[in-house]
Every structure is written in structure tokens, then in C-alpha cells.
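Participant: the following comprises the amino acid sequence and a computationally predicted model.
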Amino acid sequence: MPGVKVLLLGGGGREHAIAWKLAQSPRLTKLWAAPGSDAIAAHAECLPLDPLDPAAVAAFIRANAVELVFIGPEGPLAAGVSDAAREAGALVFGPSQSASRLETSKAFAKDFMARRRIPTARSYACATAAEAKAAARKFEGRCAVKADGPAAGKGVIVTGSIDEADLAVDALASTTAGRTLVVEERLEGPELTVMLLADNQGCAVLALSQDHKRLRDGDLGPNTGGMGALAPAPLDTETWRVIEKTVIEPTLKGLIDEGIDYRGALYVGVMLTPDGPKVLEYNARFGDPETQAVLPLLDADLLELAADCAAGKLKPGILPVHPGACVGITLASVGYPEAPITGAELDLSGVSGLDDVLIFHAGTKRTSSGWTAAGGRVLTVVGRGADLAAARARAYAAVERLNVLGLQYRRDIGAKALGRAIA
């Protein structure tokens with residue numbers, strides 16, 4: 001493959017990790033990011049280009065001979081940017097607008113799983129709040145209330161009583177994403193994130209990971225976009241074989257059989273229930289913060305993988321990984337996720353030069369006096385080690401060396417996974 005000019009869409013922590021990994025490719029000749037961020041600017045030229053504007057993205061591709069577009073978040077997928085970019089002549093790592101409905105419509109995803117007989121929770125698609133509250137009562141209030149549309153990782157509320165379910169329905173029904181609600185039974189068990197590259201023919205699987213969605217220690221508090229992640233998740237071989245047979249294979253076959261044009265990252269959230277693995281959700285892109293823990297382990301060229309995937313030339317199988325493990329700790333502004341208070345000053349010099357620590361920026365700005373918090377989730381601090389215990393220890397030691405007053409974080413990321421398989 002000759003040198004490649006790449007346009008990365010997005011500007012969060014996931015995209016910072018992607019830019020960091022793409023920049024390591026010897027095939028890269030130019031990397032742009034739209035809109036990018038002050039942190040991503042260390043690896044790419046950031047553009048005042050709206051990543052949700054298909055026409056503007058297509059015009060940039062044509063004017064600059066962009067060869068590969070790498071789509072980070074779900075917004076551009078839902079807006080049809082991937083389709084416009086392909087029509088402009090670029091290879092695109094990101095599924096079509098139609099295919100991205102696996103993420104952008106929870107009801108579509110549940111119907112797809114039902115058609116393909118993929119194990120998942122019992123559910124009801126509800127057009128009104130009254131219907132959703134009635135559905136929640138069928139589960140005695142122990143359910144997950146989900147906005148049908150994209151909600152930036154904040155469209156799911158897990159409830160334990162009828163009163164909680166009613167409040168969740170009212171909260172999500174008032175949003176644009178919640179015009180239709182999906183109410184499903186509440187599953188119990190450890191969660192697992194399976195991220196893979198799919199190209200209409202097969203798939204290549206990244207290191208398995210585990211997200212920590214709740215805000216507070218002990219998996220308490222509201223759901224968030226993710227408060228930390230670990231990789232590789234210590235899953236036993238037999239459980240993985242079950243996931244391959246009952247989830248991954250029928251998902252990929254279903255996409256092909258139904259003519260769904262899927263070329264890009266596919267995220268499969270799995271709950272390991274007492275009745276076996278069941279799918280919680282699909283995402284049509286890499287997860288955040290899982291990407292920040294997974295990509296440092298990838299022993300392959302991400303640019304080449306993305307280009308091969310976009311061209312339908314992906315070599316299927318399990319992707320190679322570096323030895324060891326990664327644990328990422330997400331630092332968020334106080335008040336997140338409901339009403340984050342931004343502006344906290346960040347002194348990151350305490351971990352400068354440490355080879356076993358990486359910091360990926362989500363919501364930050366660089367000013368004349370240094371870094372400041374500019375969003376809900378602010379940083380993901382990643383520790384690398386010979387195993388999960390060592391990686392976790394390094395991640396938390398790094399957090400303690402930072403001066404990040406005004407930020408909150410969990411202190412139990414990875415604690416449950418240590419010393420045993422999560423299945």
C-alpha cells in the first residue's frame with residue numbers, strides 16, 4: 001500500500017487514541033482531524049470542518065484527495081457522512097447510514113436480533129411514555145429503559161423498581177432520541193465488550209475489553225458514557241466459543257444475508273448471564289473508553305487494517321496483541337453526567353515521560369497557562385503492565401501523581417476482574 005492521506009472524524013478521547021495509533025503507521029502521509037482537539041493536534045492537523053455535514057466532508061475529500069476516512073463517533077454515521085464520503089471517492093472505515101441503524105435505532109437492532117435468533121433480553125418498543133410505563137410493569141420495574149435514537153452513550157437508564165422506571169421513561173421520553181423507547185428486561189451478570197472490524201465478508205477481532213458504565217464505585221449511581229475500561233478481559237475459552245457461535249457468527253451472517261453494507265467497527269455489548277451470553281447492544285463504531293485500553297495492545301497497523309476493512313480485503317481472525325494488559329481510568333468533571341462543572345485546571349506534568357502510562361484527552365482545552373477541563377468526561381489515564389494487576393496499579397498510581405482537583409473518578413476499575421475469569 002502506498003502512502004495514505006487520512007481524514008479522522010471526531011474529537012473525543014476515543015479519537016485521540018485512534019489518532020495516536022494512526023500516527024504510528026509508516027504508511028501515513030497526512031492525517032487531518034475534524035474537528036479534532038487541542039490534544040489530537042499533536043498527531044493531526046485539526047480542521048474547522050463540521051463532521052456532521054456530508055456535503056462539506058465530501059468537498060474536503062475531493063479538494064484534498066483524501067484516500068481514507070476514519071469515522072470515530074456515531075454522529076457522522078447517523079448523518080449519512082459515510083455514504084457521502086464513499087461517493088466522493090474515499091475508502092471509508094464506517095458503515096453506511098442504513099447499516100448504522102444497528103446503533104442509531106435500538107428498535108431496529110432488537111428486530112434484527114429477533115430475526116437472526118441472537119440471544120438478547122425480552123423487550124418492547126413503545127411509541128408513547130404510557131406504553132413504556134406499561135411495559136416496565138411487565139418486568140416489575142426491573143428493566144432497562146432505552147432511547148431508540150442515538151444519545152451519545154447516555155440513552156440507557158437501568159431501573160430496579162416501578163417508580164424508578166417511571167422516572168426513567170419520563171426523562172428519556174422528553175429527549176429527541178427518546179421519541180420511541182425500548183423497554184427490556186434487566187439482565188444480570190458481568191459485561192463484556194467485543195469490538196471487531198467487519199467488511200461484508202468476515203471479521204477481525206480486537207482484544208476483548210470490559211467497560212464500567214456506572215458513575216460510582218460498586219457499580220452504583222447513574223449510567224455514564226463509561227468511567228473506565230480494561231483489556232484484555234479475562235474470559236474463559238468455552239464462553240468465547242459460545243459467543244462466537246450464538247452472537248458473532250449469526251450477526252455477521254445476518255448483515256450479509258440482509259444486504260446490509262457494513263464496513264467498519266462493530267461493537268457488541270454482551271452480558272454474561274446465568275443463562276448464557278446475551279447481547280445488550282450494538283454500536284456501529286469503537287467504544288469509549290474501551291478504545292483507549294484496547295488500541296495500546298494492538299500489535300498491528302491500524303491504518304492498514306482500516307483501509308483493508310473499507311476495501312473488503314480484511315484478513316479474518318483474532319488480531320495480534322502485545323503481551324500484557326491495559327487499564328484505563330476515566331476522570332470526569334464534578335457534576336457529570338447530569339450537569340458537569342467545567343473549567344478545572346489540569347496539571348499533567350506528574351506523569352510526563354512515563355513509558356507505562358498514556359493519557360488520552362476527551363474534554364480538554366489548552367490555554368496559555370496549561371490544560372483545563374472543558375467537558376463531562378475529561379481524561380482517560382491508561383496504565384500498561386505485565387498483567388491486569390500491574391496495569392491497574394500503574395493507572396491508579398498515575399492518577400495520584402496528577403493535579404486534577406475538580407475531577408471525579410472511580411477507584412474500583414478492574415477490581416472485579418482481578419484473579420478470575422469474568423464469566
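Facilitator: Yes, it's here.
Participant: could you list the low-pLDDT ranges of the stretch 101-250 of the chain?
Facilitator: 153 (pLDDT under 70).
Participant: where do the strands sit along it?
Facilitator: Secondary structure of the stretch 101-250 of the chain (DSSP state E, counting those that start in this stretch): strands at 123-126, 142-147, 156-160, 181-185, 191-199, 203-205, 210-211, 214-216, 220-223, 228-231.
Participant: packed most tightly, which of those would that be?
Facilitator: Mean neighbour count, computed with mean count of other C-beta atoms under 10 Å, is highest for strand 228-231 among those, reaching a mean of 30. In this view, the C-beta of every residue, glycine as well, is placed from N, C-alpha and C.
Participant: remind me what it packs against, helices and strands.
Facilitator: If you count contacts as 3 or more C-beta pairs under 8 Å, 6 or more residues apart in numbering; DSSP states H and E, strand 228-231 packs onto strand 210-211, helix 290-294, strand 325-333, helix 388-401.
Participant: just checking: what are the partner strands of that strand?
Facilitator: strand 210-211 (antiparallel), strand 325-333 (antiparallel) (DSSP bridges).
Participant: compute the inter-axis angle for the last one and helix 388-401.
Facilitator: This points to strand 325-333. Counting by axes from the mean of the first three to the mean of the last three C-alpha atoms, to 10 degrees, strand 325-333 points 30 degrees away from the direction of helix 388-401.
Participant: any idea of the mean pLDDT for strand 325-333?
Facilitator: Mean per-residue pLDDT for strand 325-333: 98.
Participant: helices or strands next to the following helix or strand past that strand in the packing?
Facilitator: Under the assignment DSSP states H and E, the closest C-terminal helix or strand after strand 325-333 is strand 345-346. Contacts defined by 3+ C-beta pairs under 8 Å, 6+ apart place strand 345-346 against strand 370-373.
Participant: now do the next helix or strand after the strand it packs on: which elements does it pack against?
Facilitator: Downstream of strand 370-373, the first helix or strand assigned by DSSP H and E is strand 377-385. Where contact means 3+ C-beta pairs under 8 Å, 6+ apart, strand 377-385 is packed against helix 13-22, helix 290-294, strand 325-333, strand 357-361, helix 388-401.
Participant: can you redo the ones you listed as CSV with distance to residue 198 and mean neighbour count?
Facilitator: Formatted as CSV, these follow (distance: least, C-beta to C-beta, whole Å; neighbours: other C-beta atoms under 10 Å):
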stretch, distance to residue 198, mean neighbour count
helix 13-22, 17, 27
helix 290-294, 16, 32
strand 325-333, 23, 28
strand 357-361, 24, 24
helix 388-401, 28, 19
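Participant: could you dump the ones you listed to JSON lines with distance to residue 184?
Facilitator: Formatted as JSON lines, those follow (distance: least, C-beta to C-beta, whole Å):
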{"stretch": "helix 13-22", "distance to residue 184": "26"}
{"stretch": "helix 290-294", "distance to residue 184": "22"}
{"stretch": "strand 325-333", "distance to residue 184": "26"}
{"stretch": "strand 357-361", "distance to residue 184": "32"}
{"stretch": "helix 388-401", "distance to residue 184": "31"}
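Participant: for residue 149, find the nearest of the ones you listed.
Facilitator: With C-beta to C-beta, the closest approach to residue 149 among the helices and strands packed on strand 377-385 belongs to helix 13-22: 19.9 Å.
Participant: can you show me the CA trace of that closest one as CSV?
Facilitator: The C-alpha coordinates for helix 13-22 follow below in CSV (Å, rounded to 0.1, in the frame of the first residue of the first chain):
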residue,chain,number,x,y,z
GLY,A,13,-11.0,10.6,23.9
ARG,A,14,-11.6,7.7,21.6
GLU,A,15,-10.5,9.8,18.6
HIS,A,16,-7.4,10.9,20.5
ALA,A,17,-6.4,7.2,20.9
ILE,A,18,-7.2,6.5,17.2
ALA,A,19,-5.1,9.5,16.1
TRP,A,20,-2.2,8.3,18.3
LYS,A,21,-2.4,4.8,16.8
LEU,A,22,-2.8,6.0,13.2
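Participant: average pLDDT across it?
Facilitator: On average, helix 13-22 scores 98.
Participant: ok, residues contacting that helix?
Facilitator: 6, 8-10, 28, 31, 33, 36-37, 39-40, 43-44, 70, 72-73, 285-289, 291-292, 295-296, 298, 302-303, 330, 358, 360-362, 377, 379-380 (C-beta atoms under 8 Å, 6 or more residues apart in numbering).
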